[in-house]
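Chemist: quick check, what structure comes out for this input:
(one chain, ligands or ions: 1)
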Amino acid sequence: MVIVHTSTAEVIRERSGEKSTVGFVPTMGNLHQGHLSLLREALKHDPVVYFSIFVNPKQFGPSEDFNKYPRTLEDDLSLIRTVEKEFPSSKIVVYAPASPEEVYPPGYNQRVDVTGLSERLEGANRPGHFEGVATVVYRLFEIVKPREAFFGLKDYQQYLVIRQMALDLSLPLKVTGMPIIRDHDGLALSSRNQYLNAEERVEALTLSRTLKKVKEALDGKKMNLPLAQKIIQETLKDPRWNYLELLDGHSLSRDLSESGLVSLLGVFQLRTTRLLDNIQMELK
Ligand code: PAF
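Modeler: Numbering: from 1, shown residues only. Predicted coordinates for the structure are as follows:
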């Protein structure tokens, strides 16, 4: 069963009647296989899954793509219905707020800011972005009250910020990160890929290919960190790169010996489209 609500009051009413635990997948819509993989995973764990579709104005800067961000509710609902068929006894509640005021009623004054983790990489390039993300996710958690919430690891820093928020605020839920879903040629799926023209779509492969090359230098017994750093330095000479960094996979600090989990995170920019990707590695 798929139920669609456009008002927060309806979602709160629906939620208060749930007898079983609830999973949650927050999205901004324009769904692709990455989002559907989150929905499938959520349905494996909870018979009821809430799925939000909301282009959150608070996480876009003044010159960013809030207005042109693709809003494709009917197509999104068709895709959700195809997944629902795979889980015939499930209930999916789609929360597609009719307006930002449904999420942030007039006079809403809360802001959630996860300091530290939010300030680097995407945070440094997009001031206020993570405050907008944490604020909306907190608000959605408050409405949906999930047992577990699922996020794609393509936005790895976002996942870390939300996980930290849940920890700091002792939120009674589990935050789960799910593997990146890639196109046949390795490009990480993203709603923003559709901004690319044919030529840029080919150029975009530089991102995943470079990450792979750095990972290869670190793989196996040799674990050639100097070689990896050299590839990164050479790569960054190309101005299309916003950043490419090897960081601790939990704290995003530069000290790679901290936890043994290392993240390679990069942003490659084609005109105004910033493409994000990352790879996680266990250092031996
Ligand atoms: O990753 C996204 O789509 C958004 O940042 C999220 C988590 C739904 C918050 O608006």
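Chemist: and residue 134, what does it touch?
Modeler: For residue 134, the contacting residues are 112, 113, 114, 118, 161, 162, 165, by Cβ atoms under 8 Å, 6 or more residues apart in numbering. Any C-beta I mention is one placed from the backbone N, CA and C, and that applies to glycine too.
Chemist: tell me the pLDDT at residue 221?
Modeler: Residue 221 carries a pLDDT value of 66.
Chemist: just the buried ones from the contacts of residue 134?
Modeler: 112, 114, 118, 161, 162, 165 (16 or more other Cβ atoms under 10 Å).
Chemist: would you state the helices of the protein in chain order?
Modeler: Using DSSP state H, the helices found in the chain span residues 8-16, 33-45, 73-86, 100-103, 122-125, 129-144, 156-168, 198-203, 205-218, 225-235.
Chemist: quick one: closest of those helices to the ligand.
Modeler: The ligand lies closest to helix 129-144 among those, at 4.8 Å (Cβ to the nearest ligand atom).
Chemist: ok, and for the closest one, which residues are buried?
Modeler: 129-141, 143-144.
Chemist: kindly report the same for stretch 146-160.
Modeler: 146-160.
Chemist: name the nearest residue to whichever residue of the stretch 151-284 of the chain sits closest to the ligand, ignoring sequence neighbours.
Modeler: Using Cβ to the nearest ligand atom, the closest approach of the stretch 151-284 of the chain to the ligand is made by residue 155 at 5.2 Å. Leaving aside its chain neighbours, residue 155 sits nearest to residue 276 (6.5 Å; criterion: Cβ to Cβ, 6 or more residues apart in numbering).
Chemist: for the stretch 1-150 of the chain, which residues are neighbours of the ligand?
Modeler: Within the stretch 1-150 of the chain, the residues that sit near the ligand (Cβ under 6 Å from any ligand atom) are 26, 27, 28, 56, 59, 133, 136, 137.
Chemist: next one: phi and psi at the third one?
Modeler: Taking degrees, to the nearest 10, you get phi -110, psi 20 for the backbone angles of residue 28.
Chemist: what about it, how many residues nearby?
Modeler: 18 (other Cβ atoms under 10 Å).
Chemist: was I right to think it contacts residue 57?
Modeler: No - using Cβ atoms under 8 Å, residue 28 is not in contact with residue 57, being 10.7 Å away.
Chemist: quick check: residues of the stretch 151-284 of the chain near the ligand?
Modeler: Listed as neighbours of the ligand in the stretch 151-284 of the chain under the rule Cβ under 6 Å from any ligand atom: 155, 158.
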